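Peer 1: Turn this into a structure:
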Amino acid sequence: MHRLAEAFKDRVDFIYLNIDRPETLEARQRFDIVARTQYVLIDDQGSTIQKWFGPLDEESIKAAIDEFLASS
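Peer 2: You can find the predicted model right below:
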(Lines give C-alpha, C1' and ligand atoms only; values in the text may rest on other atoms or scores of the structure.)
Protein backbone atom coordinates (compact mmCIF):
# COMPACT_ATOMS: atom_id res chain seq x y z
CA MET A 1 0.00 0.00 0.00
CA HIS A 2 2.87 2.37 0.69
CA ARG A 3 4.01 2.10 -2.95
CA LEU A 4 0.54 3.15 -4.09
CA ALA A 5 0.50 6.03 -1.62
CA GLU A 6 3.78 7.23 -3.07
CA ALA A 7 2.62 6.79 -6.67
CA PHE A 8 -0.56 8.80 -6.09
CA LYS A 9 0.75 11.18 -3.42
CA ASP A 10 -0.34 14.38 -5.16
CA ARG A 11 -3.81 13.10 -6.13
CA VAL A 12 -5.05 10.64 -3.50
CA ASP A 13 -5.00 10.72 0.30
CA PHE A 14 -4.26 7.35 1.90
CA ILE A 15 -5.56 6.92 5.44
CA TYR A 16 -4.50 3.98 7.54
CA LEU A 17 -6.88 2.82 10.28
CA ASN A 18 -5.89 0.43 13.03
CA ILE A 19 -9.01 -1.57 13.89
CA ASP A 20 -7.66 -2.16 17.39
CA ARG A 21 -7.70 1.58 18.23
CA PRO A 22 -10.93 2.90 19.76
CA GLU A 23 -10.46 6.32 18.15
CA THR A 24 -10.96 4.77 14.70
CA LEU A 25 -14.38 3.32 15.57
CA GLU A 26 -16.44 6.12 14.01
CA ALA A 27 -14.63 5.90 10.66
CA ARG A 28 -14.75 2.10 10.70
CA GLN A 29 -18.47 2.11 11.32
CA ARG A 30 -19.11 4.77 8.67
CA PHE A 31 -17.35 2.75 5.97
CA ASP A 32 -18.19 -0.72 7.35
CA ILE A 33 -14.56 -1.68 7.97
CA VAL A 34 -14.54 -4.90 9.98
CA ALA A 35 -11.29 -6.68 9.10
CA ARG A 36 -7.58 -6.01 9.11
CA THR A 37 -7.11 -6.70 5.42
CA GLN A 38 -9.82 -4.45 4.10
CA TYR A 39 -9.35 -1.53 1.74
CA VAL A 40 -11.90 1.10 0.71
CA LEU A 41 -11.73 3.62 -2.13
CA ILE A 42 -13.79 6.67 -1.15
CA ASP A 43 -14.46 9.76 -3.23
CA ASP A 44 -14.13 13.32 -1.96
CA GLN A 45 -17.83 13.32 -1.03
CA GLY A 46 -17.38 10.32 1.28
CA SER A 47 -19.08 7.80 -1.00
CA THR A 48 -17.61 4.32 -1.28
CA ILE A 49 -16.38 3.61 -4.81
CA GLN A 50 -14.99 0.12 -4.24
CA LYS A 51 -13.94 -2.26 -1.45
CA TRP A 52 -11.35 -5.01 -1.32
CA PHE A 53 -10.99 -7.79 1.25
CA GLY A 54 -8.04 -10.06 1.85
CA PRO A 55 -4.42 -9.84 0.86
CA LEU A 56 -3.46 -6.69 -0.96
CA ASP A 57 -3.62 -6.83 -4.75
CA GLU A 58 -1.86 -3.58 -5.65
CA GLU A 59 -2.52 -3.88 -9.38
CA SER A 60 -6.29 -4.15 -8.89
CA ILE A 61 -6.32 -1.20 -6.52
CA LYS A 62 -4.08 0.86 -8.81
CA ALA A 63 -6.36 0.11 -11.79
CA ALA A 64 -9.45 1.15 -9.81
CA ILE A 65 -7.80 4.39 -8.68
CA ASP A 66 -6.62 5.14 -12.23
CA GLU A 67 -10.12 4.49 -13.58
CA PHE A 68 -11.74 6.66 -10.89
CA LEU A 69 -9.32 9.53 -11.48
CA ALA A 70 -9.83 9.35 -15.23
CA SER A 71 -13.59 9.59 -14.81
CA SER A 72 -13.49 12.45 -12.31
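
Peer 1: residues making contact with stretch 21-41?
Peer 2: Outside stretch 21-41, the residues within contact range by C-beta atoms under 8 Å, 6 or more residues apart in numbering are 1, 15, 17-19, 42, 46, 48-56, 61, 64-65, 68. Glycine gets a C-beta too; all of them are placed from N, C-alpha and C.

Peer 1: Now the buried members of these.
Peer 2: 17, 42, 61, 65 (16 or more other C-beta atoms under 10 Å).

Peer 1: What strand or helix carries the last one?
Peer 2: With elements taken from DSSP states H and E, the one containing residue 65 is helix 58-71.

Peer 1: Same question for residue 10.
Peer 2: Under the criterion DSSP H and E, no helix or strand holds residue 10.

Peer 1: Straight-line length of stretch 28-41, end to end?
Peer 2: 13 Å (C-alpha to C-alpha, to the nearest Å).

Peer 1: From the chain's centre, how far out is that stretch? Work that out for me.
Peer 2: Taking C-alpha atoms, centre = their mean, to the nearest Å, one finds the center of stretch 28-41 at 8 Å from the center of the full chain.

Peer 1: And the strands in this structure?
Peer 2: In the chain, the segments counted as strands under DSSP state E are 38-42, 48-53.
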